[in-house]
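In: Got a predicted structure plus its sequence, pasted below:
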Number of protein chains: 2
Amino acid sequence: MQHNIERALAEISFDRDGLVPAVAQQYDTGEILMMAWMNRAAVRATLNEGRVCYWSRSRAQLWRKGETSGQVQLLRELRLDCDGDTVLLLVDQHGVACHTGRRNCFFRAWRDGGWDVIAEPQIDPTILYPEGGD
Amino acid sequence: MQHNIERALAEISFDRDGLVPAVAQQYDTGEILMMAWMNRAAVRATLNEGRVCYWSRSRAQLWRKGETSGQVQLLRELRLDCDGDTVLLLVDQHGVACHTGRRNCFFRAWRDGGWDVIAEPQIDPTILYPEGGD
């Protein structure tokens, strides 16, 4: 298992900060949920545990998605692009992906010369994060 | 128009290199086509022209997707995430998005401890790029 995961990592091109962008997509609907970053340890944890773990750049630590909020992302498949420098995560998102309480993070659309908010929170973020963050 | 686009740019958080990651998704099927980068000029060109323009990091120049290959991406909508640091492009992809001739770039899937190629080229890349690149 570990040996195999090291082979997975060998094909991924991490940037000068040791990170790779990761796009999370709901596996069955195709909805794009969020984009975040992974380092080698985050990829290892994700493949080992079957739930998505990112690297939080702001907190400089591993970030098991949902560890505070319960809004976990179960991994269905990890894919890699042609250049090996972007990861696509097909996931089953429990609850909402966005820290604002919205299902996905891409809720601002540029329409008619302005940013429209096109989705509303499904849950109060203060319930998700009583002490802030995720 | 230009004034409005400057307002669009004001909400986007570009990184220390002046870039923002941009995910391109086929607007009607939800297929994730590719991930690339945009700088301010690329966002301006995309909104002005209605077809996607990226910033090529390898060539250090604006990259109007399809300018060599004809495989253009017509913009249907530009969206922005909660933190303003990732752009989602809903596009209508003409032909294929990937320089390998595949429809999308994420054709490697991690399955059973190895990388499986899960899509084949739809067109010979040497036809798309007789002189290389895109």
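Out: Received the coordinates, thanks.
In: Residue numbers of chain A in contact with chain B?
Out: Within chain A, the positions near chain B by CB under 8 Å from any CB of the partner chain are A:1, A:4, A:7-8, A:11, A:21, A:23, A:25, A:29-32, A:34-35, A:47, A:77-83, A:86, A:88, A:98-100, A:102, A:105-111, A:113-115, A:118. (Glycine included, C-beta is placed from N, CA and C.)
In: Could you turn the buried ones of these into a ChimeraX selection?
Out: A single ChimeraX command selects the buried members of the residues of chain A next to chain B (16 or more other CB atoms under 10 Å in any protein chain shown):
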select /A:8,21,23,25,31,32,34,35,47,77,78,79,80,81,82,86,88,98,99,100,102,105,106,107,108,109,110,115
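In: can you pull out the strands in chain A?
Out: For chain A, the strands defined by DSSP state E occupy A:20-26, A:32-38, A:53-56, A:61-64, A:73-80, A:87-93, A:108-111, A:114-117.
In: Could you check the pLDDT of the closest residue to chain B within chain A?
Out: Residue nearest to chain B within chain A (CB to the nearest CB): residue A:30, separated by 2.6 Å. Looking at residue A:30, its pLDDT stands at 98.
In: How much space separates it from residue B:30?
Out: 3 Å (CB to CB, to the nearest Å).
In: Present the strands of chain A as CSV; the columns should include distance to residue B:59.
Out: Listed next are these as CSV, based on distance: least, CB to CB, whole Å:
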stretch, distance to residue B:59
strand A:20-26, 20
strand A:32-38, 24
strand A:53-56, 28
strand A:61-64, 33
strand A:73-80, 23
strand A:87-93, 24
strand A:108-111, 27
strand A:114-117, 31
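In: so residue A:120 sits right up against residue A:102, yeah?
Out: Yes. If you go by CB atoms under 8 Å, residue A:120 and residue A:102 touch, sitting 7.1 Å apart.
In: Please name the nearest non-neighbouring residue to residue A:119.
Out: residue A:107 (4.1 Å; CB to CB, 6 or more residues apart in numbering or on different chains).
In: Also residue A:15?
Out: Spatially, and ignoring its direct neighbours in sequence, residue A:15 is nearest to residue A:85 (7.4 Å; CB to CB, 6+ apart).
In: Give the burial count for the one you found, as a bare number.
Out: 16 (other CB atoms under 10 Å in any protein chain shown).
In: tell me the contacts of it?
Out: Shown in contact with residue A:85 (CB atoms under 8 Å, 6 or more residues apart in numbering or on different chains): A:12-13, A:15, A:20-21.
In: just the buried members of those residues?
Out: For the contacts of residue A:85, buried by 16+ other CB under 10 Å: A:12, A:20-21.
In: sorry, back to before: distance of the residue of chain A closest to chain B relative to residue B:3?
Out: Distance from residue A:30 to residue B:3, counting by CB to CB: 35 Å.
In: Check residue A:112 too.
Out: Residue A:112 is 13 Å from residue B:3, by CB to CB.
In: what do you get for residue A:42?
Out: 41 Å.
In: neighbour count winner among these two?
Out: Shown here are residue A:42 and residue B:3; by other CB under 10 Å, residue A:42 has more neighbours (24 against 7).
In: wait, what's in contact with the more buried one?
Out: A:53-55, A:62-63.
In: can you redo these as TSV with pLDDT?
Out: Shown next, in TSV, are those (pLDDT from 0 to 100):
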residue	pLDDT
A:53	98
A:54	98
A:55	98
A:62	98
A:63	97
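In: show me what contacts residue A:109?
Out: Residue A:109 neighbours (CB under 8 Å, 6+ apart): A:115-116, A:118, B:77-79.
In: rerun that using 6 Å as the cut-off
Out: A:116, A:118, B:77, B:79 (CB atoms under 6 Å, 6 or more residues apart in numbering or on different chains).
In: Low-confidence stretches in chain A?
Out: Judged by pLDDT under 70, chain A has its weakly predicted residues at A:1, A:132-134.
In: Report the beta-bridge partner residues of residue A:22.
Out: Beta-bridge partners of residue A:22, counted by DSSP bridges, are residue A:36, residue A:87.
In: looking at it, it is touching residue A:38, isn't it?
Out: Yes. Between residue A:22 and residue A:38 there is a contact under CB atoms under 6 Å: 4.8 Å.
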